[in-house]
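Asker: show me the folded form of this:
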Amino acid sequence: MIPRCTDVVRRAQAGDVAAFEQLYREHVGTVLRLCWRLCGGRDDDAHGLTQEVFVRAWERLAGFRGDAAFGTWLHRLAINVVLGERRSAQRRELREQRAAGQTEVGPPQTRVDAGVDLDKAIAALPERARMVFVLHAIEGYAHAEIAEVMGSSVGTTKAQLHRARALLREALS
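Answerer: Model prediction:
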């Protein structure tokens, strides 16, 4: 028996679509909020990424071993989907810039107007700082976990978190 594998997960792994629909209903809100925060509050992107997470979850469900809770596994999958999409978007943008003859990209927006809410301020953070901030301060991931999924060092994630907090203080003051 898989220790953290519920009956619903086992049925879904066996191909029971109704069981997978139940897992979807139980977890879609959490996954959507995570995707929304990680992609800077862009609703269309968040909804598309959420759907992609569940498509991949269905495709990879047989590989779920139960080493962690299903929600934790799904959360990690969502982070990987968002990071993968961001890398793809950066590659597309670079190709388009090269085709247009541009060689430099402008700096990311780091300020927000006074009076905006915290979600907008978080959305305005530079990409990597926002991801570290969301994963650490909102989702509760440890620096080692963040470093692992982002392919960086613990020191880098700590520096990005410090940067994000400083930019948020500045933006919200």
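Asker: okay, CA-based contacts and neighbour counts for the rest of this
Answerer: OK.
Asker: so what are the domain limits for this structure?
Answerer: The record's domain parsing of the chain by automatic domain parsing lists 1-106, 110-173.
Asker: deepest-packed of those domains, please.
Answerer: A comparison of the domains of the chain by mean neighbour count, using mean count of other CA atoms under 10 Å, puts domain 110-173 on top with a mean of 17.
Asker: now do it, average pLDDT.
Answerer: Average pLDDT, domain 110-173: 84.
Asker: chain center to it: distance?
Answerer: Relative to the chain's own centre, domain 110-173 is displaced by 12 Å; criterion: CA atoms, centre = their mean, to the nearest Å.
Asker: now swap in stretch 20-39 and tell me
Answerer: Taking mean C-alpha positions (CA atoms, centre = their mean), stretch 20-39 and its chain are 11 Å apart.
Asker: hey, where'd the helices end up in the chain?
Answerer: 7-13, 17-38, 43-60, 70-100, 118-123, 127-133, 143-150, 154-172 (DSSP state H).
Asker: what pLDDT is listed against the residue in the chain sticking out farthest from the centre?
Answerer: In the chain, the residue that sits farthest from the middle, by CA atoms, centre = their mean, is G101; the gap is 31.6 Å. Predicted confidence (pLDDT) for G101: 73.
Asker: pick out the residue closest to the middle of this protein.
Answerer: I79 (3.6 Å).
Asker: so how far is E52 from that residue?
Answerer: 11 Å (CA to CA, to the nearest Å).
Asker: same question, N80
Answerer: Distance from N80 to E52, by CA to CA: 11 Å.
Asker: circling back: residue contacts, the residue nearest to the centre of the chain?
Answerer: With contact set as CA atoms under 8 Å, 6 or more residues apart in numbering, I79 has these partners: C35, V149.
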